[in-house]
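Novice: build the 3D model from these lines:
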Amino acid sequence: MDPLALVDTWPARTVSAAVMVGDEVVARRGPGDVVYELASVTKPATALAVLVAHEEGSLDLEEVVTPAGATVADLLCHAGGIAPDERRQMAPPRTRRIYSTAAYDMVADLVAARTGLTMAAYLAEAVAEPLGATGLALVGSAGAG
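Specialist: Residues are numbered from 1 along each chain as shown. The predicted structure follows:
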């Protein structure tokens, strides 16, 4: 049985999917040369890069990074009180969840300041390259690229 047979029935213009067992691709569908915009899916990739930066000692997840007292961890989990699309405090930290692309951009700027690399370069070096995801690139915002 083809594990990706249902992909052919999806009502999308272009779909790419693969099934891997260990290091081996056992099934694939779609063109290999299409660039997909990940939009807000960049948030988990950015968060992973921030965790690597934390592991390397470039930043601390519990350090306070806003005048209102939000930590890096607060910003990553949408609990920093930052407005959705602008870098302004909308609520006190940890009082409500506000889905915030701006908070991710703030964290990306912190990573850049601490590592000397743009978030795009750091994501490539710290996340994509070790995973062998050579086609992954951050273009634009760390929260909505």
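
Novice: A17 and D74: what is the separation?
Specialist: Distance check for A17 against D74: by CB to CB, to the nearest Å, it reads 35 Å. For every residue, glycine as well, the C-beta is placed using N, CA and C.

Novice: T115 too?
Specialist: Per CB to CB, T115 is found 21 Å from D74.

Novice: cool, A112 as well?
Specialist: For A112, the distance to D74 - CB to CB - is 19 Å.

Novice: neighbour count for these two, which is higher?
Specialist: Legend: neighbour count by other CB atoms under 10 Å for A112 and D74, higher for D74 (23 against 16).

Novice: hmm, who's touching the strand or helix carrying the more buried one?
Specialist: Applying DSSP states H and E as the criterion places D74 in helix 72-76. Residues outside helix 72-76 that contact it (CB atoms under 8 Å, 6 or more residues apart in numbering): 47, 50, 54, 59-63, 65-66, 79-82, 93-94, 100, 103-104, 106-107, 110.

Novice: okay, now the unreliable bits of this structure?
Specialist: 145 (pLDDT under 70).

Novice: for it, just list every one of the helices.
Specialist: Using DSSP state H, the helices of the chain run over residues 42-55, 72-76, 101-115, 119-123, 129-131.

Novice: need those helices in TSV (columns: distance to A144).
Specialist: Shown next, in TSV, are those (distance: least, CB to CB, whole Å):
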stretch	distance to A144
helix 42-55	6
helix 72-76	15
helix 101-115	5
helix 119-123	12
helix 129-131	21
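
Novice: so which of those comes closest to V25?
Specialist: Smallest distance to V25 across those (CB to CB): 14.4 Å, for helix 129-131.

Novice: show me the contacts for the nearest residue to R94 once chain neighbours are set aside.
Specialist: Nearest residue to R94, sequence neighbours excluded (CB to CB, 6 or more residues apart in numbering): A79, at 5.1 Å. Taking CB under 8 Å, 6+ apart as the criterion, A79 is in contact with 70, 73, 93-94, 96-97.
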